[in-house]
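**Q** Test case, fold it:
(2 chains)
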Protein chains: 2
Amino acid sequence: MGYPIDDELKVKEMDITSLSSPRHHTEKLSYVHKVGVPPKQNLLTEFTATVKETFFADDPLRPFKNQPRLKKFILFLQAIFPILEWGKDYNLTKFKGDLIAGLTIASLCIPQDIGYAKLANLEPQYGLYSSFVPPLIYAFMGSSRDIAIGPVAVVSLLLGTLLQSEIDPAYKDGYKRLAFTATFFAGITQFTLGFLRLGFLIDFLSHAAIVGFMAGAAITIALQQLKGFLGIRNFTKKTDIVSVMHSVWGSVHHGWNWQTVVIGASFLGFLLFAKFIGKKNKKFFWVPAIAPIISVILSTFFVYITHAEKDGVQIVRHLEKGINPPSVNEIYFTGDYLVKGLRIGIVVGMVALTEAVAIGRTFASMKDYQVDGNKEMVALGAMNIVGSMTSCYVATGSFSRSAVNYMAGCQTTVSNIVMSFVIFLTLKFFMPLFKYTPNAILSSIIISAVISLIDFKAAILIWKIDKFDFVACMGAFIGVIFSSVEMGLLIAVSISFAKILLQVTRPRTAILGRLPRTTVYRNIQQYPDATKIPGVLVIRVDSAIYFSNSNYIKERILRWLTDEEEQMKAKYLPRIQFLIVEMSPVTDIDTSGIHALEELYRSLQKRNVQLVLANPGRVVMDKLHASKFADLISEDNIFLTVADAVLTYAPKIVEEQP
Amino acid sequence: MGYPIDDELKVKEMDITSLSSPRHHTEKLSYVHKVGVPPKQNLLTEFTATVKETFFADDPLRPFKNQPRLKKFILFLQAIFPILEWGKDYNLTKFKGDLIAGLTIASLCIPQDIGYAKLANLEPQYGLYSSFVPPLIYAFMGSSRDIAIGPVAVVSLLLGTLLQSEIDPAYKDGYKRLAFTATFFAGITQFTLGFLRLGFLIDFLSHAAIVGFMAGAAITIALQQLKGFLGIRNFTKKTDIVSVMHSVWGSVHHGWNWQTVVIGASFLGFLLFAKFIGKKNKKFFWVPAIAPIISVILSTFFVYITHAEKDGVQIVRHLEKGINPPSVNEIYFTGDYLVKGLRIGIVVGMVALTEAVAIGRTFASMKDYQVDGNKEMVALGAMNIVGSMTSCYVATGSFSRSAVNYMAGCQTTVSNIVMSFVIFLTLKFFMPLFKYTPNAILSSIIISAVISLIDFKAAILIWKIDKFDFVACMGAFIGVIFSSVEMGLLIAVSISFAKILLQVTRPRTAILGRLPRTTVYRNIQQYPDATKIPGVLVIRVDSAIYFSNSNYIKERILRWLTDEEEQMKAKYLPRIQFLIVEMSPVTDIDTSGIHALEELYRSLQKRNVQLVLANPGRVVMDKLHASKFADLISEDNIFLTVADAVLTYAPKIVEEQP
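**A** The predicted model follows:
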């Protein structure tokens, strides 16, 4: 539009004055911007853009652009093995940080690993195996600098529950083989999701649901520990709180082992006190980090000299010495157990992924570096696939150990290598030392570890922010503690989906009014001083108009109109003659949506109300034209802003007024 | 804000002039509207509002408000039996319209019913039974004035396929009983959905998917008719096009029955010609409506006098005389078949519902009256429940007969009563007359009826408007014709869901620029003349920020920023210092969304960019406060409009520029 620049101010002045003095409105209109119709896009371009936005939203190929072939190959290798990239700048200062962090998390993970293996109904050494191989693989392929890899409580529990519903843990060999099979397929699931760039699927487990699920799992795990903690021999295999409490009270008359209780309780007190100190002063983060290994050493020494095991204190007894034996031949690649392993693997793999990716993202945003979710999944998948072939069960990122790793000043994944090396030494030489370790101490360590999974503050915040999220959170929590881990997971996913469906079937709509002394139109419920224009109804639709909501939107708009007309009648104001639909938030429309608009238009015609659209977006404008709806209501009834539309039609109302 | 009214104009002038002359911006700011924070809502109010909007979106209780108790009871009865309401104004003129329409659709439905019953592998009289009782029930309870109730082609085919995969139709008694069981549960499904106000669930089958599904079903049904049309004796039980064509060509050498083909082809020609006339001139709508019954009469008479049945022309032969026998005792209320019947009933009931509600809505919007979807479902459910007890199979609204009903000038559901009465007379007295009716003529009638289900125009329009919808359409179509009706349905529902998931995981974002000579900010891709403000990046997020997309949105915004910064660098423009997120389309945010914003804020802090929000809505503003995010970024960084935000920060950019 070719107006001389000097006119600019004058035009603007008119824009405004015309609002209050209708006689100007015709001059005004000639300067109005029309709604843009972008050039028709090529079908292929459009398709490519959608695919790119869906699967390559993070634009992973950006650095590859305009590079010679050799450079591309190097970049490709670096993309798979990030160690090749950051390894070039690795130096002694960084190593010092990694060494200290690695030693700290190693001391924390040894006792935890032994305990977690028991949650998965596996022998203690499998926990240590899983802290040896997977961290090594991850160190070469992973892109998070702070994550600490190994077995974690929730995944171990989930794996254990799912496995034992298929096969009795007493049948050790078969159980172990199914565990490796599940681990293999968990790895395959993770690898495939990452490779196919379907990483966004894990976003369907909402943060709120995870908070509830984790808290429930923590309580379940803690309750399971009562077995070792109280020295109960006949303990239920179910994990729900009712069965467990039944087991606990049912065993009272057999007598709990008081020596066990004393050892367990005193060290639990010690561990919780250490945790408290670490929380009080960030400088003492290493106190809770090394407390578990100190407890193990002290209690083992104590049992050894007092021979408390003869008084009924249960001890670890036997631990296989030596590093991971190969287990490729133990994976079920055929038969019934293949399918069972696959199913368990998919569930466990997804949950493990969710945890690892959440950790990766949290620490990356704290240090402000990027973690590529999909690449991370490929790394985690690869590590579990290799793990399943070297007697490991599902490993992932541990929240508590990653936090310690971070606070101990880790710089790169080398801290995982250090930890892995310490585990190697332990497996090779120190295993017999754990013979006299009392089970109670392992239970205390697990209890003190999982307690931090219960995040009260987050739950309260969720309650404050979003009630629906809170329902998801509590649903998952209650499902886990009163039924089972799987049930909690199922509830969490179902509620999350229900929320999405609610969002797409019942979008919001709002009546807009003009803010005094502006041309801005806003929701009258949010801005009580916004005023409606007599004879004009402005409705904003707050969602894309799709098949799932098109009927609702149509009917909702008509209901607003009916309500409004009743009010107008009661107040003897002119009847509604123009219905302006503010389309700014309507980002897309499909064939059902167009149909709904057509039906709306016809219904309004019958009621002698003119339908007017304001500010339809690019995609919507395209489709309004493709469907000829723009011709139906006429181009002149599509405006750039609500203000423009009101300016055009408000004067016409006045004429009709008696 | 208490400015004297006379100042209003002056203020507005300043609003604008200040945009071009930054020295004014301080004065300007003092008049800026703040983003409204609505009063905190009571939890119960909020919950009630959500429930009301979800389940009672159409406000069905509105007329009940402020009425005496007796009036309420009458209104309640009228709500269940709309006939009590419109019956008061019923008169002879209306009856004349209904009589003609009723007779017309009766003549159309008799031959169709006999054919459709065969699609469901039932004996012909069951089609007529289903056109006798259900329309009567519907007439009292239904709220659509134009719908014509009875068996329809697609539902008959679907029921037939599902039933025969569970039980061999040759085992007549069991098959029939399972059919009644499925009908009973189809009715229960429909009734329950309506009663629990879950009617919106059927919206999940998108219009596009229905177009494809219907076209596929039409072709499948037409292919099935080749059996009767060509007089083939050994015909496949599968419905996919490959099996059917195999059957057809495989029977060539046995010889098709030429007499059958001649009868079928000539009458098909006649029917199609009648259809053509009816389409050419709306005045002759009755020609295609009575053509089928004329064909039946003529062909029956012809076979009777020539005894063509002795030359291999297959005829209907035996038809049970008399009205519907009771069938309550035949429904399986226990055992295996209960579950099977339930499953089939749910699927068939939903599909039948989709068709009936679509018809109801279409004609209601043509005559501009309201059809309450949920009440309609209750009526349809009740009619099928009663039907299942009186030897009927699933009935629903027929598109072709409803259209004829409408064009013949029906006024109320009385036309269904008239039709029902004609069927009653037929069952009672005229059944033996159909003995010599050739099967070929029934096939011709069905072919000519289903052809109109293939809606080329709609498919082309879908292609033009929305490519994704077209994929759903073709997926359903191909699924039906190459596999089975259920597969087509499954594909249709899956693609529809995939679309919803895509919508909620990958919302659009856009860079905004200022339209010249305005304070309006729009997508620069839609409005090429919109200009960016140096040092400021304005991004609009086009969706609620939920757990399913919060990470994507955060990362997408950061990617926009990176892209933009590269461009700025290349052009030696000042670096981006303020990132304004236009939140108008963000209708809601959950805990994950708040987390994403916090992470975004922190990432931006590290990059020395200030995060600014423009126009967050009511709900979002609430949650920003509840989560203290508003305090984190400071209230001053939340503006009413993008223009306000730019006015505030644009001058600060200039100062930093070298």
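**Q** So the residue nearest in space to the middle of chain A: helix, strand or coil?
**A** Among the residues of chain A, the one closest to the centroid is A:Asp203, at 4.6 Å (Cα atoms, centre = their mean). Per DSSP: H, G, I helix; E, B strand; the rest coil, the local secondary structure of A:Asp203 is helix.
**Q** got it, and A:Leu537?
**A** strand.
**Q** mind checking the SS state of A:Lys512?
**A** Let me fix one detail, which is that residue A:512 is Leu and not Lys. strand.
**Q** Let me know whether it touches A:Asp542 as I believe.
**A** No. Using Cβ atoms under 8 Å, A:Leu512 makes no contact with A:Asp542, being 11.3 Å away. For glycine as for every other residue, the C-beta is placed from the backbone atoms N, C-alpha and C.
**Q** What confidence value was assigned to the residue of the stretch 101-250 of chain A found nearest chain B?
**A** Across the stretch 101-250 of chain A, the shortest distance to chain B (Cβ to the nearest Cβ) belongs to A:Ser206, at 3.5 Å. Looking at A:Ser206, its pLDDT is 81.
**Q** residues near it, how many?
**A** A:Ser206: 30 surrounding residues under other Cβ atoms under 10 Å in any protein chain shown.
**Q** give the contact list for the closest residue to it other than its chain neighbours.
**A** In space, and not counting its chain neighbours, A:Ser206 is closest to B:Phe547: 3.5 Å by Cβ to Cβ, 6 or more residues apart in numbering or on different chains. For B:Phe547, the contact set (Cβ atoms under 8 Å, 6 or more residues apart in numbering or on different chains) comprises A:Asp203, A:Phe204, A:Leu205, A:Ser206, A:His207, A:Ala208, A:Ser496, B:Asp590, B:Thr591, B:Ser592, B:Gly593.
**Q** Can you give me the distance of the closest residue to A:Met568 other than its chain neighbours to chain B?
**A** Leaving aside its sequence neighbours, A:Met568 sits nearest to A:Arg575 (Cβ to Cβ, 6+ apart; 5.8 Å). Using Cβ to the nearest Cβ, to the nearest Å, we find A:Arg575 at a distance of 17 Å from chain B.
**Q** thought A:Arg575 was touching A:Glu564?
**A** No. The pair A:Arg575 / A:Glu564 is not scored as a contact, 9.4 Å apart, by Cβ under 8 Å.
**Q** re earlier: can you lay out the contacts of B:Phe547 as CSV showing secondary structure and distance to A:Asn329?
**A** Formatted as CSV, the contacts of B:Phe547 follow (DSSP: H, G, I helix; E, B strand; the rest coil; distance: Cβ to Cβ, whole Å):
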residue, secondary structure, distance to A:Asn329
A:Asp203, helix, 37
A:Phe204, helix, 36
A:Leu205, coil, 35
A:Ser206, coil, 41
A:His207, helix, 41
A:Ala208, helix, 43
A:Ser496, helix, 40
B:Asp590, coil, 48
B:Thr591, helix, 46
B:Ser592, helix, 43
B:Gly593, helix, 48
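**Q** Considering these, which possesses the most neighbours?
**A** Highest count within the contacts of B:Phe547 by other Cβ under 10 Å belongs to A:Ala208, 32 neighbours.
**Q** Spit out the contact partners of the nearest residue to that one once chain neighbours are set aside.
**A** Distances taken as Cβ to Cβ, 6+ apart place A:Asp469 nearest to A:Ala208, at 3.7 Å, with adjacent residues excluded. The neighbours of A:Asp469, taking Cβ under 8 Å, 6+ apart as the test, are A:Ser206, A:His207, A:Ala208, A:Ile462, A:Lys499, B:Asp590, B:Thr591.
**Q** On the three-state scheme, the nearest residue to A:Val133 once chain neighbours are set aside is what?
**A** Among residues not flanking A:Val133 along the chain, A:Thr390 sits closest, at 4.8 Å (Cβ to Cβ, 6+ apart). State at A:Thr390, reduced to three classes by three-state DSSP: coil.
**Q** Distance check, the residue nearest to A:Ser206 against B:Ile441.
**A** Noted for B:Phe547: a distance of 60 Å to B:Ile441, by Cβ to Cβ, to the nearest Å.
**Q** can you give me the strands in chain A?
**A** A:149-150, A:396-397, A:509-514, A:521-523, A:536-541, A:578-582, A:610-614, A:638-639 (DSSP state E).
**Q** helices and strands around the third one, which ones?
**A** Right, the one you point to is strand A:509-514. strand A:521-523, strand A:536-541, helix A:550-570, helix A:642-656 (3 or more Cβ pairs under 8 Å, 6 or more residues apart in numbering or on different chains; DSSP states H and E).
**Q** relative to strand A:536-541, how tilted is it?
**A** With axes from the mean of the first three to the mean of the last three Cα atoms, to 10 degrees defining the directions, strand A:509-514 sits at 130 degrees from strand A:536-541.
**Q** What's the local residue count around A:Leu515?
**A** 19.
**Q** what's it in contact with, if anything?
**A** Counting by Cβ under 8 Å, 6+ apart, A:Leu515 touches A:Tyr521, A:Arg522, A:Tyr527, A:Asp529, A:Ala530, B:His33, B:Leu640.
**Q** Need phi/psi at the third one.
**A** Taking degrees, to the nearest 10, you get phi -120, psi 90 for the backbone angles of A:Tyr527.
**Q** just to revisit the earlier point, just put the strands of chain A in CSV and tack on mean pLDDT.
**A** Listed next are the strands of chain A as CSV, based on pLDDT from 0 to 100:
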stretch, mean pLDDT
strand A:149-150, 95
strand A:396-397, 94
strand A:509-514, 90
strand A:521-523, 89
strand A:536-541, 92
strand A:578-582, 93
strand A:610-614, 93
strand A:638-639, 90
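**Q** wait, which of those strands is closest to B:Gly187?
**A** strand A:509-514 (34.1 Å; Cβ to Cβ).
**Q** hmm, who's touching the closest one?
**A** Residues contacting strand A:509-514 (Cβ under 8 Å, 6+ apart): A:520-525, A:527, A:530-533, A:537-542, A:553, A:556-557, A:560, A:564, A:582, A:642-643, A:646, B:617-618.
**Q** so that strand versus strand A:578-582, what angle?
**A** Going by the same axes, to 10 degrees, strand A:509-514 makes 110 degrees with strand A:578-582.
**Q** ok, A:Ile491 to chain B distance?
**A** The gap separating A:Ile491 from chain B is 15 Å, by Cβ to the nearest Cβ.
**Q** And the average pLDDT for the biggest helix by length in chain A is what?
**A** The longest helix of chain A (DSSP state H) is helix A:336-367. Averaged across helix A:336-367, pLDDT comes to 89.
**Q** Outside of stretch A:408-420 itself, which residues are in contact with it?
**A** So stretch A:408-420 is in contact with A:83, A:86, A:90, A:94-95, A:97-106, A:109, A:131-133, A:135-136, A:138-140, A:142, A:144-150, A:285-286, A:289, A:405, going by Cβ under 8 Å, 6+ apart.
**Q** Mind doing that once more with 6 Å?
**A** Applying Cβ atoms under 6 Å, 6 or more residues apart in numbering or on different chains, the contact partners of stretch A:408-420 are A:86, A:94, A:97-102, A:104-106, A:132, A:135-136, A:139, A:142, A:145, A:149, A:405.
**Q** Please report phi then psi for the spatially closest residue to A:Ile594 that is not a sequence neighbour.
**A** Leaving aside its chain neighbours, A:Ile594 sits nearest to A:Ser627 (4.6 Å; criterion: Cβ to Cβ, 6+ apart). The phi and psi values for A:Ser627, taken as degrees, to the nearest 10, are phi -90, psi 0.
**Q** Next, the buried residues of stretch A:385-397.
**A** Residues A:385-397 are the ones in stretch A:385-397 that count as buried (16 or more other Cβ atoms under 10 Å in any protein chain shown).
**Q** neighbours of the nearest residue to A:Lys623 once chain neighbours are set aside, just the number please.
**A** Of all residues not flanking A:Lys623 in the chain, B:Ile465 sits nearest, at 4.9 Å (Cβ to Cβ, 6+ apart). Close neighbours of B:Ile465, defined as other Cβ under 10 Å, add up to 24.
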